[in-house]
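J.: make a model of this:
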Amino acid sequence: MVQPLPSSSSHRHGHAPGQRRSTLLALVLLALTAVLLMGGASVGSTGWESVLRMRDDPVSWQIVVDIRLPRSLGAWLAGALLGLAGAVAQGLFRNPLADPYLLGSASGASLGSAVGLVLMGSSVTSLNLLYRLGMTGMAFVGAACAVALTVVLARNVQNTLRLLLAGVIVGVVLGAVRDLLELRHPDILQAMQAFTLGTSAFVGWEGCVLMAAVLLVCGLATWACARVLDGLTLGEATAASLGLPLAQLRYGLVAVLALATGTSVAQTGLIAFVGLAAPHLVRSLVRVGHGRSTLLAAAMGGVLLLAADILARWLVAPQELPVGVLTAALGGSYLLWRMHRSTRAGGAM
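T.: Numbering: from 1, shown residues only. Here you go, the predicted model:
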């Protein structure tokens, strides 16, 4: 007896639990974001006093509105960009250990920042708007040029292994050029240390607007390319059978990866493990297609980086730890635990 094919309604019902769980996770992440933003507005050298007195005290108002809030929102946006970029990288390369910095964008941004410091001065704490915009632009241009160089060396984006190897080579070479530049201009070493350790301390409202716009563009582009990422998880042949222009869409995904990573790095420096851990956390909680999972990974990345930023400000207050160091320690510990757990279970991460 021939069994009937499953109907579209039963197919939808099969995905309903995953969609419900993803909706619940999205609501939880939004609630956590709101709570953490309020917490970020209250963490600082003056604590809650600035929040309580901000209506009557112009200095307290400036501390909360012009310093703490944009810093907290900027940390969330930077983490969201890294989380989205990490999800795209892991889907594009079909590798759960892929992170946003694989294509050389981190080394390119570092080199761009070093060149900017040489050209414009070595004071990373400068509050001059033109200086900040110039440094942001140099870091972004460096990241974009590094990814473009990686694609040129790989000749195309069809061979993911060749693309990964080209990214490693570009990263090493550009890192060496940056080191030579630092040796030639030792006055930029302190400022470059702040960049490489990662910090959200210098993010203002302008940076938040820029990151929000880029996050919107990248989120829409990733949603539009979600079918390709879903197909790639099942292999090249399955992705090709969808009838989609794979080469063009791969270039589009690489552009999204470069834009999201470059914008985040340009604003906050090098933040480790957020782009790698956020997609892992989402996959451990829900099983949905890339259309939803990439957006959830973005929200998860924002929550992770904002929570780490608040913790970095609070642990040794009134001083603070570099948030990149904290995310590296916490993210590395989490991934080591996941590797140990998967090894004992005999499965993959």
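
J.: would you mark the buried spots in stretch 91-102?
T.: 91-93, 98-102 (16 or more other C-beta atoms under 10 Å). (Glycine included, C-beta is placed from N, CA and C.)

J.: and if you look at stretch 167-180?
T.: 167, 170-171, 174-175, 177-178.

J.: before we move on, back to that, so of the buried residues of stretch 91-102, which ones are in helices?
T.: Using DSSP state H, 91-92 are the members of these that sit in helices.

J.: ok, so of the buried residues of stretch 91-102, who is nearest Leu281?
T.: Proximity of the buried residues of stretch 91-102 to Leu281 (C-beta to C-beta) peaks at Asp99, which lies at 13.9 Å.

J.: where's the closest one relative to Gln19, distance?
T.: Separation of Asp99 from Gln19 (C-beta to C-beta, to the nearest Å): 27 Å.

J.: try Leu315
T.: Applying C-beta to C-beta to Leu315 and Gln19 gives a distance of 38 Å.

J.: Leu117 now?
T.: Distance from Leu117 to Gln19, by C-beta to C-beta: 48 Å.

J.: now stretch 148-158: buried residues?
T.: In stretch 148-158, counting by 16+ other C-beta under 10 Å, buried: 148-151, 154, 157.

J.: outside of it, which residues touch it?
T.: 103-104, 108, 162-163, 165-167, 169-170, 246-247, 250-251, 254, 258 (C-beta atoms under 8 Å, 6 or more residues apart in numbering).

J.: where does the stretch 151-300 of the chain have low pLDDT?
T.: 156-158, 235-240, 242, 244 (pLDDT under 70).

J.: what segments of it are helices?
T.: Using DSSP state H, counting those that start in this stretch, the helices of the stretch 151-300 of the chain run over 160-184, 189-197, 205-224, 226-232, 236-241, 246-268, 274-285, 290-315.

J.: so which of those helices gets nearest Leu330?
T.: helix 290-315 (6.6 Å).

J.: orientation of the closest one relative to helix 246-268 in degrees?
T.: 10 degrees (axes from the mean of the first three to the mean of the last three C-alpha atoms, to 10 degrees).

J.: so which residue is dead centre in this protein?
T.: Centroid-nearest residue in the chain: Leu82, 0.7 Å away (criterion: C-alpha atoms, centre = their mean).

J.: tell me the spacing between it and Gly302.
T.: Distance from Leu82 to Gly302, by C-beta to C-beta: 9 Å.

J.: equivalent analysis for Leu210, please.
T.: Distance from Leu210 to Gly302, by C-beta to C-beta: 15 Å.

J.: for Leu326, same thing?
T.: 16 Å.

J.: and the two? Which one has more around it.
T.: Each of Leu326 and Gly302 has its neighbours counted (other C-beta atoms under 10 Å); Gly302 has more, 28 against 23.

J.: surely the more buried one meets Gly74?
T.: No. With contact defined as C-beta atoms under 8 Å, Gly302 does not count as touching Gly74 (10.4 Å).

J.: tell me which of Leu117 and Gln19 has more neighbours.
T.: Under the neighbour definition other C-beta under 10 Å, Leu117 and Gln19 were set side by side, and Leu117 has more, 24 against 14.

J.: surely that one touches Gly134?
T.: No. Applying C-beta under 8 Å, one finds Leu117 not in contact with Gly134, separated by 10.1 Å.

J.: about what we covered before: and the residue nearest to the centre of the chain, what's its pLDDT?
T.: We note a pLDDT of 95 for Leu82 in this prediction.

J.: what sits against it?
T.: 100, 260-261, 264, 271, 274-275, 278, 301, 305.

J.: can you list those residues in JSON lines and add distance to Gln193?
T.: Converted to JSON lines, the contacts of Leu82 look like this (distance: C-beta to C-beta, whole Å):
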{"residue": "Pro100", "distance to Gln193": "21"}
{"residue": "Ala260", "distance to Gln193": "25"}
{"residue": "Thr261", "distance to Gln193": "21"}
{"residue": "Ser264", "distance to Gln193": "19"}
{"residue": "Ile271", "distance to Gln193": "15"}
{"residue": "Val274", "distance to Gln193": "20"}
{"residue": "Gly275", "distance to Gln193": "21"}
{"residue": "Ala278", "distance to Gln193": "26"}
{"residue": "Gly301", "distance to Gln193": "24"}
{"residue": "Leu305", "distance to Gln193": "20"}
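
J.: mind checking the longest helix of the chain?
T.: helix 8-42.

J.: buried residues in that one?
T.: Neighbour count says helix 8-42 has 22, 25-26, 29, 32-33, 36-37, 40-42 buried, by 16+ other C-beta under 10 Å.

J.: what's the mean pLDDT across that helix?
T.: Computed over helix 8-42, the average pLDDT equals 78.

J.: what does stretch 91-101 give?
T.: For stretch 91-101, mean pLDDT is 84.

J.: please save the CA atoms from it in PDB.
T.: Provided in PDB are the C-alpha atoms of stretch 91-101 (Å, rounded to 0.1, in the frame of the first residue of the first chain):
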ATOM      1  CA  GLY A  91      26.100  28.800   7.900                       C
ATOM      2  CA  LEU A  92      28.200  29.900   5.000                       C
ATOM      3  CA  PHE A  93      31.200  27.700   5.800                       C
ATOM      4  CA  ARG A  94      29.200  24.900   7.300                       C
ATOM      5  CA  ASN A  95      31.500  25.000  10.300                       C
ATOM      6  CA  PRO A  96      30.300  25.500  13.900                       C
ATOM      7  CA  LEU A  97      33.700  26.900  14.800                       C
ATOM      8  CA  ALA A  98      33.600  29.700  12.200                       C
ATOM      9  CA  ASP A  99      33.600  33.200  13.700                       C
ATOM     10  CA  PRO A 100      33.200  36.700  12.200                       C
ATOM     11  CA  TYR A 101      37.000  37.300  12.000                       C
END
